[in-house]
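Q: Sequence first, predicted model second:
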Amino acid sequence: MKDVKWGIIGTGRIAHKFAAALKECEGAGLFAVGSRNVRKARAFADEFGFEKAYGSYAELAQGSGVDAVYIATPMASHFADAKLCLENGINVLCEKTVTLNCAQLEELLEIAQAKGLLFMEAMWMKCLPLYLQVKKLVGEGAIGKVLQVKADFSNFVPYDAGDRLFRADCGGGALLDMTVYPLTFAAAFLGNEPSEVISQAHITRGIDMSNTVLLRYQGGACASVYSGFELALKNNALIIGEKGSVVMGDCFFCTDSAVIYDENGKEKQRIELAKRVNGYEYEIEEFMRCLAQGRTDSELVPSCDTLAVLRILDECRRQWGLTFEQERL
Ligand SMILES: NC(=O)c1ccc[n+]([C@@H]2O[C@H](COP(=O)([O-])OP(=O)(O)OC[C@H]3O[C@@H](n4cnc5c(N)ncnc54)[C@H](OP(=O)(O)O)[C@@H]3O)[C@@H](O)[C@H]2O)c1
């Protein structure tokens, strides 16, 4: 099979990690880089061995001939960047949170569907071997019926007015940057349709610095999630079932180890699964598998799951009265 010609849009922190993984993926051609600044694009292209460098995202989308684009820009730019690529016939792997809200994602999915293109959220957690193994074991009844999920994602990030994390105009805030992971995790084990969402946030300068979200499901299962920029936590995830529990250690969304306990808290099974490169290789391989099979939706990261989590994020911001300037136009 011929190589997939990959392009990257945005040359920031995560784009570097992604490119490092892309280099190690069989069948991935490092083809084009798009930046708002052609010198940055050239430097990035030279660092990783991409053929072409463009000084605007439009030039890459309209003239490079890439098959697939990875979008690694701030949240508020994802909608326009993804739309530009889809309208130019390019398959899109888009960083989380894929859009500011559900309505934007629905519009992108409509374009992708009309053009027969693949659109996938870069939710790398859902492609990691350890996560998939835990999902399989829990699905097979390793801890009985799942009753609760508890997950945190909190780091101490010093305030920097220029950082996209703290800029409302970039779609900043903990909700879209961090909460998306524990909510995706909770939904993966409890379902996409909580019957109730209750949330609180510490909001300042137009963004949430931290938040707590509680989900309640028909039948009584629930999830509790804390995330934020204000202090560092261990970021464990705990799946509680009728016959035991699973703990995914330090940074649950990218950890290499998980432990299954029985109902008395006794260790039953320890799973260790190291990543091959840095973890981003698995989402790349899933994306390319979909392309090879002519799929327009991923089985590991289906768009219905992405939409379901965005629906919860929308509901949290509705409860807080928080909108982004792009939504007020
Ligand atoms: N999967 C993960 O583990 C993970 C980790 C971190 C972040 N992310 C996601 O990846 C995306 C990028 O995050 P990041 O931490 O890499 O951000 P970053 O370091 O700030 O880089 C973002 C890049 O986007 C481009 N950009 C376009 N418009 C911009 C604007 N108005 N302000 C600033 N930059 C702008 C810039 O590239 P050019 O100057 O080259 O155009 C910039 O370098 C976000 O969606 C984030 O949620 C994912």
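A: Arrived safely.

Q: count of neighbours near the residue in the stretch 1-150 of the chain that the ligand sits nearest to?
A: Minimum separation of the stretch 1-150 of the chain from the ligand (Cβ to the nearest ligand atom) falls at G12, amounting to 1.8 Å. (Each C-beta comes from the backbone N, C-alpha and C, glycine too.) Per other Cβ atoms under 10 Å, the neighbour tally for G12 reads 14.

Q: who's in contact with the residue nearest to L175 when sequence neighbours are not counted?
A: Spatial nearest neighbour of L175, chain neighbours left out: D208 (5.2 Å); criterion: Cβ to Cβ, 6 or more residues apart in numbering. Counting by Cβ atoms under 8 Å, 6 or more residues apart in numbering, D208 touches G173, A174, L175, A201, H202, G228, W320, L322.

Q: can you give me phi and psi for the fifth one?
A: Meaning H202. phi -100, psi 110 (degrees, to the nearest 10).

Q: So for the residue of the stretch 151-300 of the chain found nearest the ligand, what's the pLDDT?
A: Ranking the residues of the stretch 151-300 of the chain by distance to the ligand (Cβ to the nearest ligand atom) places R164 first, at 4.4 Å. pLDDT, R164: 97.

Q: any idea how far it is from S154?
A: The gap separating R164 from S154 is 18 Å, by Cβ to Cβ, to the nearest Å.

Q: Settle it for me: which of the two has more neighbours?
A: More neighbours surround S154 than the other of R164 and S154, with 21 against 18 (other Cβ under 10 Å).

Q: Could you list the residues of the protein in contact with the ligand?
A: Selection of the chain residues close to the ligand by Cβ under 6 Å from any ligand atom yields 10-15, 35-37, 40, 72-75, 77, 95-96, 122, 124, 164, 170, 177.

Q: Can you identify each of the helices in the stretch 151-300 of the chain by residue range?
A: Counting by DSSP state H, counting those that start in this stretch, the stretch 151-300 of the chain has helices at residues 174, 180-190, 281-292.

Q: can you give me the mean pLDDT across the longest helix seen in the chain?
A: The longest helix of the chain (DSSP state H) is helix 303-320. Helix 303-320 shows a mean pLDDT of 98.

Q: buried sites along that helix?
A: 303, 305-317, 320 (16 or more other Cβ atoms under 10 Å).

Q: Please apply the same query to stretch 245-254.
A: So, applying 16+ other Cβ under 10 Å, buried residues of stretch 245-254: S245, V246, V247, M248, C251, F252, F253, C254.

Q: Next, the distance between the ends of that stretch.
A: Using Cα to Cα, to the nearest Å, the span of stretch 245-254 from its first residue to its last is 19 Å.
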